[in-house]
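Participant: below are the sequence and a predicted model for it; my questions follow.
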Amino acid sequence: MVVERGVNDGDILDLVEFSREHTFALRFIEFMDVGNSNSWKSEKMVWKREILAAIGARYPLRKVGREQGTAPSVDYEFVDGQGDIGVIASVTEPFCSSCTRARLTVGRKLVTCLFSETGHDLKSLLRSSATDEELVQFISGVWRKRRDRYSDEPLEALHSIQGYQSKDHKKIEMISLGG
Ligand code: SF4
């Protein structure tokens, strides 16, 4: 559930109850400025701490932590034993330093960050009958050089500037990246 203030923040508890009843883990994601067309503004965000407070007031929670130490979600279990939830706080608690996610677009571009402007052409290499070893070299070479820290960067601005807007570089749309 991507929580957006004034849009669906009133549905948090209903969805939590639905997930408890049907025994699946609901995962919350802070509203992020992915792509170029979602009109992201800091005022529209519901922070992780607000999400946890809304849920915890009705169903007390206990922190479990990140799966394998690197998962994007921090998990919490209900104290009454009726399941768990996760929260991905990409904006207020960014985790770029432990990010291990590469993405592949439908055009076979290797993308090293959800907020990238461009990707690395894997298609030409695949079509040129490159060996598996050459592919591995290419991918690991791209990965070693990456310096992506997009979510780390705007946090200071978010805390200090009212009405902080998304950075203005042209990002690849999430619909091409697959999340
Ligand atoms: S902003 Fe980029 S580098 Fe940071 S966690 Fe997200 S995908 Fe990974």
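Facilitator: Thanks, I have it. Residues are numbered from 1 along each chain as shown.
Participant: only C-alpha atoms from now on, for both contacts and neighbour counts.
Facilitator: Will do.
Participant: end-to-end on stretch 99-109?
Facilitator: For stretch 99-109, the separation between the terminal residues is 19 Å (CA to CA, to the nearest Å).
Participant: I'd like the mean pLDDT over it, please.
Facilitator: For stretch 99-109, the mean per-residue pLDDT is 90.
Participant: what do you get for stretch 74-93?
Facilitator: Averaged across stretch 74-93, the pLDDT comes to 96.
Participant: distance of the residue positioned nearest the centre of the chain from the ligand?
Facilitator: The residue lying closest to the centre of the chain (CA atoms, centre = their mean) is S90, at 5.3 Å. Per CA to the nearest ligand atom, to the nearest Å, S90 is found 7 Å from the ligand.
Participant: so what's that residue up against?
Facilitator: Shown in contact with S90 (CA atoms under 8 Å, 6 or more residues apart in numbering): 29-30, 32, 72, 151.
Participant: closest to the ligand out of those residues?
Facilitator: The ligand lies nearest to S151 out of the contacts of S90, by CA to the nearest ligand atom, at 4.2 Å.
Participant: following the lowest-mean-pLDDT helix or strand in the chain, which helix or strand comes up?
Facilitator: The helix or strand of the chain with the poorest confidence is helix 155-160; it has a mean of 54 (mean pLDDT, DSSP states H and E). On the C-terminal side of helix 155-160, the closest following helix or strand by DSSP states H and E is helix 174-177.
Participant: quick one: is that next one near the ligand?
Facilitator: No: residues of helix 174-177 contacting the ligand under CA under 6 Å from any ligand atom: none, with a closest distance of 10.7 Å.
Participant: show residues contacting that helix.
Facilitator: The contact list for helix 174-177 (CA under 8 Å, 6+ apart) reads 34-35, 103-106, 111, 114.
Participant: likewise for stretch 136-156?
Facilitator: The contact list for stretch 136-156, computed with CA under 8 Å, 6+ apart, reads 90-92, 94-97, 110, 112-113, 115, 120.
Participant: and if you look at stretch 30-37?
Facilitator: Under the criterion CA under 8 Å, 6+ apart, residues 2-4, 39-41, 44-48, 87-91, 114-115, 166, 170-174 lie in contact with stretch 30-37.
Participant: can you classify G65 by secondary structure?
Facilitator: Under DSSP: H, G, I helix; E, B strand; the rest coil, G65 falls in the strand class.
Participant: residue contacts, it?
Facilitator: Shown in contact with G65 (CA under 8 Å, 6+ apart): 74-76.
Participant: can I get the helix ranked longest in the chain in PDB? Just the C-alpha atoms.
Facilitator: Longest helix in the chain by number of residues (criterion: DSSP state H): helix 132-145. Extracted in PDB, the C-alpha atoms of helix 132-145 (Å, rounded to 0.1, in the frame of the first residue of the first chain):
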ATOM      1  CA  ASP A 132      28.000 -15.700 -20.300                       C
ATOM      2  CA  GLU A 133      31.400 -14.600 -19.000                       C
ATOM      3  CA  GLU A 134      31.300 -11.400 -21.000                       C
ATOM      4  CA  LEU A 135      27.800 -10.700 -19.800                       C
ATOM      5  CA  VAL A 136      28.900 -11.200 -16.200                       C
ATOM      6  CA  GLN A 137      31.800  -8.900 -16.700                       C
ATOM      7  CA  PHE A 138      29.600  -6.200 -18.200                       C
ATOM      8  CA  ILE A 139      27.000  -6.400 -15.500                       C
ATOM      9  CA  SER A 140      29.500  -6.500 -12.600                       C
ATOM     10  CA  GLY A 141      31.500  -3.700 -14.200                       C
ATOM     11  CA  VAL A 142      28.400  -1.500 -14.300                       C
ATOM     12  CA  TRP A 143      27.500  -2.500 -10.700                       C
ATOM     13  CA  ARG A 144      31.000  -1.800  -9.400                       C
ATOM     14  CA  LYS A 145      30.900   1.800 -10.800                       C
END
